[in-house]
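[1] Have a look at this prediction, sequence included:
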Amino acid sequence: MSADRDLIRARFSGSLGAFWLDVEFEAPTRGITVLYGPSGCGKTTVLRCVAGLSRMAGSLTVGGEVWQDDAAGLFRKPHRRAVGYVFQEASLFPHLSVHRNLQYGARRAAETGSDDLLPFDDVVDLLGIGSLVNRSPSALSGGERQRVAIGRALLSRPRLLLMDEPLSGLDQVAKEGILPYLEALHERLSIPIIYVSHDIREVARLADKIVVLSNGRPVAAGPVDRVLERLDLELSAGPFEAGVVLRARVAGHDPRFRMTRLVLNGQEIVIPGADLRVGDEVRLRIRARDVVLAKSRPAAISVRNILEGTIVEIAEDAETAFAEVLVDVGGGRLRARITRDASADLELTAGMGVYALVKSISFDRPAIGPSRSEAVAG
Amino acid sequence: MLDSASLWPPVVLTLKLAAASTVLLLIVGTPIAWWLARTSVRWKEVVAAVVALPLVLPPTVLGFYLLLALGPGGPGGWIAGLTGARTLAFTFEGILAGSVVYSMPFVVQPIRNSFEAVGGRPLEVAATLGASPWDAFWTVAIPLARPGIVSGAVLGFAHTIGEFGVVLMIGGNIPGETKVLSIAIFEYVETLQWARAHALAGGMLVFSFAVILLMMVHLKRSERRIP
């Protein structure tokens, strides 16, 4: 039972239109767990079941507290579950001011006597919504509304924050504007977050743990870097966006060429100048299609990043022209998507030493984010 | 000249009837509208059709059945028996009950529509913020459905004021008890007292116009407030 204190355990099954949903997963009570999968795979249904908004057969325990247990005939009503829920659309109450929206859950939580771990002013500061509190929700932009909705959920003193694709209704600019706030939440708060997304870039940037769903079933689960490097999950991410997440440390800046130098287990990586402090750990997302492999170290080449590594695994897809190669570069693994023809020509095999070339510009801005100091293991 | 003292009792009685009906209509109609908007049971449209029946029934038909229901042999007679009376027909309480039935669709329909427009999402949000269903109903559903509730109340009030057939069937023409405005006008016209008929009819015309105008202005204003 004591081990359960640190875990959220969920199991749900039931009919979901065309297919049968059967999901069982665990999430740590710290950090962000992303439920990832294509639209219609059942992620939102699972989240609604956790909140109690939908009901399916199963069981749910949150940090040792039983919220649903069919065997015992127990089902806690949504308003008795200490969850914060952020919907795809902000869904602010249009008849209340921003301030009263924020207070809606806070007042009710205070009545139940749950601990006030997040004072109003802290939440408002954290989300940068101080100047909005006296406005009407209709006077806010999409990104502002979603930040208020997040604040409203946090102020209801949840033990668990559920977010259902909170960025999907926003344009690219608003998305970029809100991601830093989510990262700040993650760093400052101890509340676990279950985050539903179908966007691999959000996953790479935010997730500590990931549960990949496909047609109502979990097909993979684990720490985000471990899961993203798996070669058999092509279908879920799609060949275009498949890639890995690596953690590197900022070593220095080159003001003349506006480049930032990173170190990954002794090997240097350069990226276009980023506003990062020396010594910070950052996450890099590197897509498989941006990685080129060479058997010898190429010279006189415009590609800046040449990482030495060893081939761990090669997955050839006989249906297509492509093969995916997993390369251990020390401290992390890269995925490279090359043609089967090239693989045969170079006579690539597992255990062979190779050079992985990554074009600097492929470290696009949104893929870079400060890494988590308390990264979740297992 | 006009003897205004004899004109007032029907006006006062009518306003009293309309006010009491409106209160009852909201108390009974709002839960019905809520249920119709939220339930997923298949036979809900049967209930909706029963509520809407007065829209198509001739007032005389409705009045006839109400007369039977309110009379000594019906449930109305039984209720009257509790206070020692024989019947609810031809009493103020009787025409009040009739008015509530007759005006119900005008109240339920707009309220149901606005509950449906509010949808389930705000209530789900309220639930995840710790509000019980009862709490969410009062703090979220009712304020968001306010335009529909206001229209329902105004329509119910105005409709009761203009009621004639049903009152005639179940109330008759008892001064101070069931002699409402429209019946008074009818009587004045029948007895060729045109000046009195004019005074009441003209007053009603102005009043009705004012009510409709006020309602529209109010609705426009709340539309602006709630996008």
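    Cool, got the structure. Numbering: from 1, shown residues only, chains lettered A, B, ... in the order given.

[2] In chain A, which residue sits closest to chain B?
    Nearest residue of chain A to chain B: residue A:105, at 3.3 Å (C-beta to the nearest C-beta). Where C-beta positions appear, they are placed from N, C-alpha and C, glycine not excepted.

[3] hey, which helix is longest across chain A?
    Longest helix of chain A, by residue count under DSSP state H: helix A:172-188.

[4] can you give me how far that one is from the chain middle?
    In terms of C-alpha atoms, centre = their mean, to the nearest Å, the centre of helix A:172-188 is found 12 Å from the chain centre.

[5] If we go by neighbour counts, what in it is buried?
    A:174, A:175, A:177, A:178, A:179, A:181, A:182, A:183, A:185, A:186 (16 or more other C-beta atoms under 10 Å in any protein chain shown).

[6] Now do the contacts for the first one.
    With contacts taken as C-beta atoms under 8 Å, 6 or more residues apart in numbering or on different chains, residue A:174 has the following neighbours: A:141, A:142, A:143, A:146, A:167.

[7] make it 10 Å
    Neighbouring residues of residue A:174 by C-beta atoms under 10 Å, 6 or more residues apart in numbering or on different chains: A:141, A:142, A:143, A:144, A:145, A:146, A:147, A:167.

[8] and those residues as a markdown table, adding pLDDT, secondary structure and neighbour count?
    Below are these laid out as a markdown table (pLDDT from 0 to 100; DSSP: H, G, I helix; E, B strand; the rest coil; neighbours: other C-beta atoms under 10 Å in any protein chain shown):
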| residue | pLDDT | secondary structure | neighbour count |
| --- | --- | --- | --- |
| A:141 | 91 | coil | 14 |
| A:142 | 90 | helix | 18 |
| A:143 | 90 | helix | 20 |
| A:144 | 92 | helix | 23 |
| A:145 | 94 | helix | 24 |
| A:146 | 93 | helix | 30 |
| A:147 | 93 | helix | 26 |
| A:167 | 91 | coil | 26 |
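
[9] Please point out which parts of the longest helix seen in chain B sit buried.
    Ranked by residue count, the top helix of chain B under DSSP H comes out as helix B:4-38. Going by neighbour count (16+ other C-beta under 10 Å), the buried part of helix B:4-38 is B:7, B:10-11, B:13-15, B:17-18, B:20-22, B:24-26, B:29-30, B:32-38.

[10] Count the residues that sit near the residue of chain A closest to chain B.
    Residue A:105 has 25 neighbours, counted by other C-beta atoms under 10 Å in any protein chain shown.

[11] Relative to residue B:113, how far out is it?
    Look at residue A:105 and residue B:113: by C-beta to C-beta, to the nearest Å, they are 29 Å apart.

[12] mind listing the helices for chain B?
    Using DSSP H, the helices of chain B run over residues B:4-38, B:44-52, B:59-70, B:75-82, B:92-118, B:121-128, B:133-136, B:142-144, B:146-161, B:165-171, B:181-190, B:194-225.

[13] nearest to residue A:70, of those?
    Closest to residue A:70 of the helices of chain B is helix B:121-128 (C-beta to C-beta; 20.6 Å).

[14] Counting neighbours, which bits of that closest one end up buried?
    The neighbour-count check on helix B:121-128 (16+ other C-beta under 10 Å) flags B:122, B:123, B:124, B:125, B:126, B:127, B:128 as buried.

[15] With only the CA atoms kept, save it in CSV.
    Taking Å, rounded to 0.1, in the frame of the first residue of the first chain, the C-alpha atoms of helix B:121-128 are listed here in CSV:
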residue,chain,number,x,y,z
ARG,B,121,-19.5,21.5,-20.9
PRO,B,122,-20.0,24.3,-18.3
LEU,B,123,-21.5,21.8,-15.9
GLU,B,124,-18.6,19.4,-16.4
VAL,B,125,-16.2,22.3,-15.7
ALA,B,126,-18.2,23.1,-12.6
ALA,B,127,-18.1,19.5,-11.4
THR,B,128,-14.3,19.3,-11.8
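
[16] quick one, that helix and helix B:4-38 angle?
    Relative orientation of helix B:121-128 versus helix B:4-38 (axes from the mean of the first three to the mean of the last three C-alpha atoms, to 10 degrees): 70 degrees.

[17] now the stretch 251-378 of chain A, which segments are flagged as low pLDDT?
    A:360-378 (pLDDT under 70).

[18] just to revisit the earlier point, in a markdown table: the buried residues of helix B:121-128, plus distance to chain A and pLDDT.
    Output for those, formatted as a markdown table (distance: C-beta to the nearest C-beta, whole Å; pLDDT from 0 to 100):
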| residue | distance to chain A | pLDDT |
| --- | --- | --- |
| B:122 | 6 | 96 |
| B:123 | 10 | 96 |
| B:124 | 5 | 96 |
| B:125 | 5 | 97 |
| B:126 | 7 | 96 |
| B:127 | 4 | 96 |
| B:128 | 4 | 96 |
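
[19] Tell me the one of those nearest residue A:230?
    Each of the buried residues of helix B:121-128 was checked against residue A:230 using C-beta to C-beta; the closest is residue B:128, at 33.7 Å.

[20] For that closest one, which residues are in contact?
    So residue B:128 contacts A:51-53, A:78-79, A:81-87, A:91, A:105, A:152-153, A:156, A:158, A:162 (C-beta under 10 Å, 6+ apart).

[21] Mark which of the residues you listed are part of helices, please.
    Per DSSP H, the subset of the contacts of residue B:128 in helices is A:51, A:105, A:152, A:153.

[22] Which pair in those has the greatest spatial separation?
    A:51 and A:152 (14.5 Å).

[23] neighbour count winner among the two?
    Per other C-beta under 10 Å, whichever of residue A:51 and residue A:152 has more neighbours is residue A:152, with 30 against 21.

[24] Which helix or strand contains residue A:253?
    With elements taken from DSSP states H and E, the one containing residue A:253 is strand A:243-254.

[25] hmm, back to that, identify the residues contacting the nearest residue to the residue of chain A closest to chain B once chain neighbours are set aside.
    Nearest residue to residue A:105, sequence neighbours excluded (C-beta to C-beta, 6 or more residues apart in numbering or on different chains): residue A:156, at 2.8 Å. Neighbouring residues of residue A:156 by C-beta under 10 Å, 6+ apart: A:82-85, A:102-110, A:112, A:114, A:118, B:128-131.

[26] Same question for residue B:47.
    The neighbours of residue B:47, taking C-beta under 10 Å, 6+ apart as the test, are B:32, B:35, B:36, B:39, B:41, B:108.

[27] Let's have those in TSV, adding pLDDT.
    Formatted as TSV, those follow (pLDDT from 0 to 100):
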residue	pLDDT
B:32	96
B:35	96
B:36	95
B:39	91
B:41	90
B:108	96
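
[28] Good, wrapping up.
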